[in-house]
Structure formats: C-alpha cells, structure tokens
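A.B. asks: predicted coordinates and the sequence they were generated for:
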Amino acid sequence: MRSTPRSNHVGPTRSYLVGRTSQARQGVMLLDVKDLKVQFEHDGETVKAVNGIDFAINKNEVLGLVGQSGSGKTVTALSVMNLLPRRDCVVCGEIVKNSGIAMIFQEPFTCLNPVLRVGEQIDEAVLVRRSGSGQSGNSVSTRSVRAETFALLEKVKLNAPQRIYDSYPHLLSGGQRQRAMIAMALALSPGLLIADEPTTALDVTTQAAILDLILSLKKELGMSVLFITHDFGIINKIADRVLVMKDGKIVERGLKGAVLSSPTADYTKKLLEAVPKLGSTGTGLGQTLYHPDERPVPVVTVRNLSKTFVLEKGVFKRKAGCIEAVRDVNFEIKEGRTLGIVGESGSGKTTLAKLLAGLLKADSGSVGICAREAQIVFQDPYSSLDPRMRMRDIILEGPAIRGTGKSEREKILQKVLFKVYLNLKDSMKYPHQFSGGQRQRISLARALAVKPRILILDEPVSSLDVIIQSEILNLLKDLQKELALTYVFISHDLAVVERMADDVAVMYKGEIVEFGSRSEIYRSPKHPYTKRLLAGAL
C-alpha cells in the first residue's frame, strides 16, 4: 500500500507494504509492524533510514520510541501513517493496523494553517471523521460540528474556547497550539495516537501539563500512544515500554523500568549519560570566580528596560489590547560570566534577547552594550540560516559587511571553522546538507566571525538530541574559556542552565522575579514561581 491519505487519519485497515501477512489480535494489538525497511535515493546515493524493525503496540499502553536525530524514529511514524513521499522512497515490510490512527507533530505552528482560524481547522477534522463514518456533508449541520469542536477544546483544557476558536495560530502560545493539535487529532476518534516530539520546544511547566493531558486522555478514552522523543526524562514520565533506535535499527527494547535502570546496549547507556540532570553540576557560585578586588566591570548593563506590543484586530487593525512582554528589567553581567535566563514560554525571554541584540527597540529604559560586540544565536539554526546561501557565505557575511578584505576573510573562515569543529571542505554546502548539530555550529561560527565579546544564546540546544546537545554545550564552554566570552544563555531547560550559568535570572510575565547566583537559585529559591519551575523539572 503506497497511497498517501488525504488526512492524518488511517482507519481500521490492513496495510501490506510488501511480503508476508499475519493476523493481529483484534481488540488487543492495535498496530503490528514487521521487518519495516525504508530507504531514500538522493543524488545517486541510497540512505537506509529504517533497516528491518519489528514492534507492536497493544491496547491501553504507551510505547516510547527514543533515539538521536536521524535514528529513524520519525520515518517509522510516517511509514505507519503513509505520509512518506512517493518519489525517491522505497518502503518494504508489513504494517497491520486494527485501529484508527492520528498523529501530532513536534512544531504545531508549522502544521497549522496560518490563514485559517484554529477552530475552523478542528471543524475540518470533525467533518473528515463524520464523512468517513457515512454522514454526508448535507446531513452535518454547522452548529453540531462547532459544538463538537468546542467540546474538544474543553477536553484538552483550553480556557476561553470561544477565543481559541476565533484565534489564528500565531496568536496562541506554543502550549496552546499543541493542545489545539491534540484536539484536532482527537476529532478523528483514534485508537492510537502517534506523538512525534510534541514537547521538545516547550518549557518545563507547559511540557509537564501536555504530558499529563496525554496520559489523562489515554485513560479517559482508552487510547494507546506511540510517543517519540530523544528525552529519557519524558520516557520515564509517560512510557510503559521502550524501544531504542540507532541508525535505523532497534538496539534495545523492554519495560521502561528495566531499560532505564539496567540498559544492556552501549548506545542506550550513552544516551542516558548525556541527559542533563538537576544537581549534577555542583553547588559552586559559578565557573568564573574572581578575587573581590579583581572583579571586572560589567560588560552588559540593563536599566528599567520595558517593551509592550500592541494587539491589532480586523482589516483596519484596531487596537485590541497590549502585551507587556518586558517590564522594568534590571541586571548586570560581568566579563567572562554567563547569565542564565529561565522562564516559561511567553515570559519575555526571547523579547529580552532581541532587545539586547538591538533587533527590537525598547519603549523605555536602556541597554548598556555595544551592538558591534554582541551577536545572537537562535533556537532553530535551520530557520535562521539562509537556505540559498552556502556555508562559507553565511559565516563571512558579517565580516564582508564590515569591510574586511577578501584574504583576511579567508583566514577568519579557516579559524572559526576550526574552533567549532567543522570541515573547510564542506564550506560550499548549503544548510539542508548538514545535520541539526552541524547547523548550530555554523550559527556559532557566523557569530564568532565578527569577533564578539558577548554571545546572546536564545534556546541554542532545545531542538537538539541529548548527545548533540551535550557536544554543543561543551563547545560553548571551551569557546568561552578560550576567547573570554560573556554569555546570555536563555533556556526553558533548568538542567541545561544549571550546567552553563554563573548567575540566573527568573522571568515571569515580563519581569525578573528572582536573580542570584546559580547556587542561590537552585538550592534556596525564594519566589513561588521559581519553586514551581524547579519542582516541574524534577
């Protein structure tokens, strides 16, 4: 079966890709995958993305599928959903489905139509299910469809369902968009939900809320879940059984407790060791300590910084309200130190980063930082790198704008590539030809090419798997020590911030509600919000 469905739902069916058949136990086994192989043909090369895997999912269980980026996790899910491209893709094996299946993806913003209201998109999923059950379009009333959509919004615990229904995707937070995607999936009444990295880009409290929601829906609806992630912490919270994938193969499988406590595969052990853990950094005041008389002067000084965004509505862009994204923020950063900024999505972290980098203009207050001395590295290196530019041109764009001569630019290119462990021979490649970790190294090289004193790092590792994440964090520490860099490190991952930061600022609704050394914040938090963040990360 090689047809691609028109929706993200596959009804009760037996899908034979190639070869032998087997009878799944109706009502017990919802999905049975045998000897699945997927390979892609690209520029005369064959890439074996999935190389002969077997697994099954039973009723009322959560199966965790874990592994690094490129291990074959998402390709496996897309194979089950028949969503792989028809061209340059060969699929072999057998997939038996005894249940309707729906899928939610890592980044709901890219999956939701930006020009349609959220409620209308859920309406469409309701109509797809009803038409599949034999109800004609004429027999389905708009009122009944909308009533079901509102019930779904309430089921996924979205407050103010009328506002959510009428909102466009960009007006919702990351957690709200993910809940809307879950509602859309539930509209199809699936027996099996495939969740592909659904919490990777979310802060700890929102992540915990989404996981709790999925588990409560599983219990309420008798639904099974295939949960794909690179995070063993999430696996520990949600899974019953675990499959570990590497290079297209399953290298370990078993009950969650057995895999986490007594892994047998070296690769599983490596993944577990790479997971950042709260409390593993130690209790010192930071990584760069000075004698009181030798402390350097601040290189970043922020005073009473505020930024408000006006919400507009309708064709005539009438003012519909305001959001105080950053409110009266004050702090200093000393040379060579790292300030970690933590908080939930919508707390103002990224707006603050853009104000520091000069990408936004403040409404009031001041930023004492030389724009030529600061560079910013963003969360998603793929969207922040021009897909039409070669790697060398991306890295050297800054020096070229500053008037650096051609021969000097070549020296800069060799130097920064060496520092971030990239190969000069790859400098003519485009961003899509690199892995996620390599693209983040390119972003770092681009920032370093103009010789900054300060790096503003906005969620620089949140989209990377734990092993590549660890490599990038080690690289950042080495670069800081070698080049005497000062970091503003923004993240929703408290364990990562603990590993990197000397001092920590906690943001909540645009304000810094707590500021102190790493030890003070993590060992003796004072503000209730800080305590809630730390509790959610444990």
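C.D. replies: That came through fine.

A.B. asks: and the most centrally placed residue in the chain, what element?
C.D. replies: Centroid-nearest residue in the chain: A201, 3.0 Å away (criterion: CA atoms, centre = their mean). According to DSSP states H and E, A201 maps onto no helix or strand at all.

A.B. asks: now it: phi and psi?
C.D. replies: Dihedral angles of A201 (phi, psi; degrees, to the nearest 10) stand at phi -90, psi 10.

A.B. asks: check the gap between it and S463 for me.
C.D. replies: Look at A201 and S463: by CB to CB, to the nearest Å, they are 7 Å apart. The way it works is simple: take the backbone N, C-alpha and C, and place the C-beta from them, glycine included.

A.B. asks: shared neighbours, those two?
C.D. replies: Q379 (CB atoms under 8 Å, 6 or more residues apart in numbering).

A.B. asks: okay, and the nearest residue to F515 once chain neighbours are set aside sits in which element?
C.D. replies: In space, and not counting its chain neighbours, F515 is closest to A505: 4.9 Å by CB to CB, 6 or more residues apart in numbering. Element membership for A505 (DSSP H and E) is strand 503-508.

A.B. asks: same for that strand, what does it pack against?
C.D. replies: Contact partners of strand 503-508 among helices and strands, from 3 or more CB pairs under 8 Å, 6 or more residues apart in numbering; DSSP states H and E: strand 338-342, strand 511-517, helix 518-523, helix 528-537.

A.B. asks: and T142, which of these is closest to it?
C.D. replies: Proximity of the helices and strands packed on strand 503-508 to T142 was assessed by CB to CB; the nearest stretch is helix 528-537, lying at 40.1 Å.

A.B. asks: got the contact list for E373?
C.D. replies: Shown in contact with E373 (CB under 8 Å, 6+ apart): 299, 452-454.

A.B. asks: mind checking which of those residues land in strands?
C.D. replies: For the contacts of E373, membership in strands holds for 299, 454, with DSSP state E as the criterion.

A.B. asks: in this structure I472 contacts R439, no?
C.D. replies: No - in this structure I472 lies outside contact range of R439 using CB atoms under 8 Å: 10.8 Å.

A.B. asks: helix, strand, or coil at T199?
C.D. replies: coil (DSSP: H, G, I helix; E, B strand; the rest coil).

A.B. asks: who's in contact with the residue nearest to F515?
C.D. replies: 331, 339-342, 512, 514-515.

A.B. asks: go with 10 Å
C.D. replies: Contacts for A505 (CB atoms under 10 Å, 6 or more residues apart in numbering) come out as 302, 329-331, 333, 339-343, 349, 352, 488, 490, 497, 512-516, 521.

A.B. asks: tell me which of I472 and R439 has more neighbours.
C.D. replies: More neighbours surround R439 than the other of I472 and R439, with 23 against 20 (other CB atoms under 10 Å).

A.B. asks: next, count neighbours for the nearest residue to the more buried one once chain neighbours are set aside.
C.D. replies: Spatial nearest neighbour of R439, chain neighbours left out: P381 (3.7 Å); criterion: CB to CB, 6+ apart. Neighbours of P381 under the rule other CB under 10 Å: 23.

A.B. asks: hmm, A447 and P381 touching each other?
C.D. replies: No - in this structure, P381 is not within contact of A447 by CB atoms under 10 Å, at 11.1 Å.

A.B. asks: circling back to that earlier point, separation between the residue nearest to R439 and D458?
C.D. replies: Taking CB to CB as the measure, P381 and D458 are separated by 11 Å.

A.B. asks: can you check L339 too?
C.D. replies: Counting by CB to CB, the gap from L339 to D458 is 13 Å.

A.B. asks: shared neighbours of those two, anything?
C.D. replies: 488-490.

A.B. asks: what bits of the stretch 351-500 of the chain have low per-residue confidence?
C.D. replies: 370-371 (pLDDT under 70).

A.B. asks: helices along that one, start to end?
C.D. replies: Assigned by DSSP state H, counting those that start in this stretch, the helices in the stretch 351-500 of the chain fall at 381-384, 391-401, 406-419, 436-448, 466-483, 494-500.

A.B. asks: cool, and the stretch 151-300 of the chain?
C.D. replies: 161-166, 174-186, 204-221, 232-238, 256-261, 266-274.

A.B. asks: centre of the chain to the last one, how far?
C.D. replies: Shown here is helix 266-274, whose average C-alpha point lies 21 Å from the average C-alpha point of the whole chain (CA atoms, centre = their mean, to the nearest Å).

A.B. asks: what angle sits between it and helix 466-483?
C.D. replies: Inter-element angle recorded for helix 266-274 and helix 466-483: 50 degrees (by axes from the mean of the first three to the mean of the last three CA atoms, to 10 degrees).

A.B. asks: can I see the domain layout of the chain?
C.D. replies: 13-274, 276-370+453-538, 385-449 (automatic domain parsing).

A.B. asks: start and end of the last one, how far apart?
C.D. replies: The reference is to domain 385-449. 15 Å (CA to CA, to the nearest Å).

A.B. asks: and it, how far out from the chain middle?
C.D. replies: Distance, centroid of domain 385-449 to centroid of chain: 24 Å (CA atoms, centre = their mean).

A.B. asks: again with the first one
C.D. replies: Here the centre of mass of C-alpha atoms in domain 13-274, compared against the chain's by CA atoms, centre = their mean, lies 15 Å away.

A.B. asks: now do the strands in the stretch 51-200 of the chain.
C.D. replies: 62-66, 89-97, 101-104, 192-196 (DSSP state E, counting those that start in this stretch).

A.B. asks: quick check: mean pLDDT of the shortest one?
C.D. replies: Strand 101-104 carries an average pLDDT of 94.
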